[in-house]
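> sequence below, structure please.
(one chain, ligands or ions: 1)
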Amino acid sequence: MAQGYQADKARKEAVNALGRELARRSKSRCEFCGAAGRPLEVLEVLPLPDRPDPTRAVLLCEPCAEGGRGGRLEPYERWRFLEETVWSDVPAVQVMAVRVAKRLQRANVVWVQDLLSGLYLDPEIEAWAGQSG
Ligand SMILES: [Zn+2]
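Have a look, this model is predicted:
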């Protein structure tokens, strides 16, 4: 158990260490909603790579990280920015945006149906977005 804890802790530190590089990529803004001047959190995009990798991680504000982790999405209207974010040229951002959009689609959010039906995804991105673990 102690070993697992150490491994978790080491991973967490390595993930947090990506923050600086991701802040450069995102100009210290949330990579989902574009919010600036807020605390930002590094979130890895599943499936987890062997070691934390900035190309497989995103930098998000608190409510965006909550949704990105699979948590609460209400109020659904706050996610309207996904209409732009799903076209991000950063693959990890695009994949996570598509996953959140698909959850909104399952919740029958009307504007998301249009967003997803008009979306063209690179086959690699589509395959990645379809993986969960
Ligand atoms: Zn945000």
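> how close does the residue most central in space within the chain get to K102?
The central residue of the chain, meaning the one whose C-alpha is nearest the mean C-alpha position (CA atoms, centre = their mean), is M96 at 3.8 Å. Distance from M96 to K102, counting by CB to CB, to the nearest Å: 11 Å. C-beta coordinates here come from the backbone N, C-alpha and C atoms, glycine included.
> quick one, helices of this structure?
Residue ranges of the helices in the chain, as given by DSSP state H, are 2-17, 19-26, 62-68, 82-85, 91-106, 110-117, 123-129.
> so for the third one, mean pLDDT?
Helix 62-68 comes out with an average pLDDT of 97.
> please save the CA atoms from that helix in CSV.
C-alpha atoms of helix 62-68 as CSV (Å, rounded to 0.1, in the frame of the first residue of the first chain):
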residue,chain,number,x,y,z
GLU,A,62,-11.9,24.6,-11.8
PRO,A,63,-15.4,24.2,-13.2
CYS,A,64,-13.9,23.0,-16.6
ALA,A,65,-11.7,20.5,-14.8
GLU,A,66,-14.6,19.2,-12.8
GLY,A,67,-16.6,18.5,-16.0
GLY,A,68,-13.4,17.2,-17.8
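> ok, and what's touching the helix or strand of the chain with the lowest mean pLDDT?
In the chain, the helix or strand scored least confidently by mean pLDDT, DSSP states H and E is helix 2-17, which has a mean of 88. For helix 2-17, the surrounding residues in contact (CB atoms under 8 Å, 6 or more residues apart in numbering) are V42, E44, R51, P52, A57.
> just give me the closest of those to G19.
The shortest distance between G19 and any of those, using CB to CB, involves V42 and amounts to 5.2 Å.
> my guess is that closest one contacts E21, does it?
No: if you go by CB atoms under 8 Å, V42 and E21 don't touch, sitting 9.5 Å apart.
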